[in-house]
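Trainee: one predicted model, sequence on top.
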Amino acid sequence: MKRVAYHCEANVELISTAKFYECQRELLGRQFLRGVCDGLSKTQKNPGQFPFYDRPGRACRIAGFPFRLVYEVVPDGIHIQAVMHTSRGPGYWKNRLS
């Protein structure tokens with residue numbers, strides 16, 4: 001299983017999105033986090049299974065939510081570069097890629 005690290009801005013996106021959903025409806029934030037964990041689990045098992053979103057970044061859809069985990073496969077594991085809302089301005093996270 002590959003080690004996972006979050007870009008500091010991706011970590012902020014993850015936490016703020018979970019809090020937002022939890023404020024909308026009880027347990028919805030937890031459901032979002034479960035979706036993220038499911039996506040991470042699949043990504044760790046087979047990092048190459050998801051398509052390139054913007055090379056070298058790949059993207060895993062978060063089931064049930066309009067979000068994707070944008071990540072890079074690096075020698076020491078997987079770096080999550082963005083927890084990206086699919087309707088947010090495209091490419092705002094590209095400067096995070098190595």
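Mentor: Nice, thanks for sending it over.
Trainee: residue with max distance from the center of this structure?
Mentor: Going by C-alpha atoms, centre = their mean, the residue of the chain most distant from its centre is E26, 21.9 Å out.
Trainee: and that residue, what does it touch?
Mentor: The contact partners of E26, by C-beta atoms under 8 Å, 6 or more residues apart in numbering, come to none. Heads up, the C-betas are built off the backbone N, CA and C, glycines and all.
Trainee: now do the SS call for it.
Mentor: coil (DSSP: H, G, I helix; E, B strand; the rest coil).
Trainee: quick check: pLDDT value at N46.
Mentor: We have a pLDDT of 92 for N46.
Trainee: give me the number of residues near it?
Mentor: Residues within reach of N46, counting by other C-beta atoms under 10 Å, total 9.
Trainee: I'd like the average pLDDT over stretch 22-41.
Mentor: The model assigns stretch 22-41 a mean pLDDT of 97.
Trainee: elements contacting the worst-scoring helix or strand of the chain on mean pLDDT?
Mentor: One helix or strand of the chain scores below all others by mean pLDDT, DSSP states H and E: strand 52-54, with a mean of 85. Secondary-structure packing of strand 52-54 (3 or more C-beta pairs under 8 Å, 6 or more residues apart in numbering; DSSP states H and E): strand 67-74.
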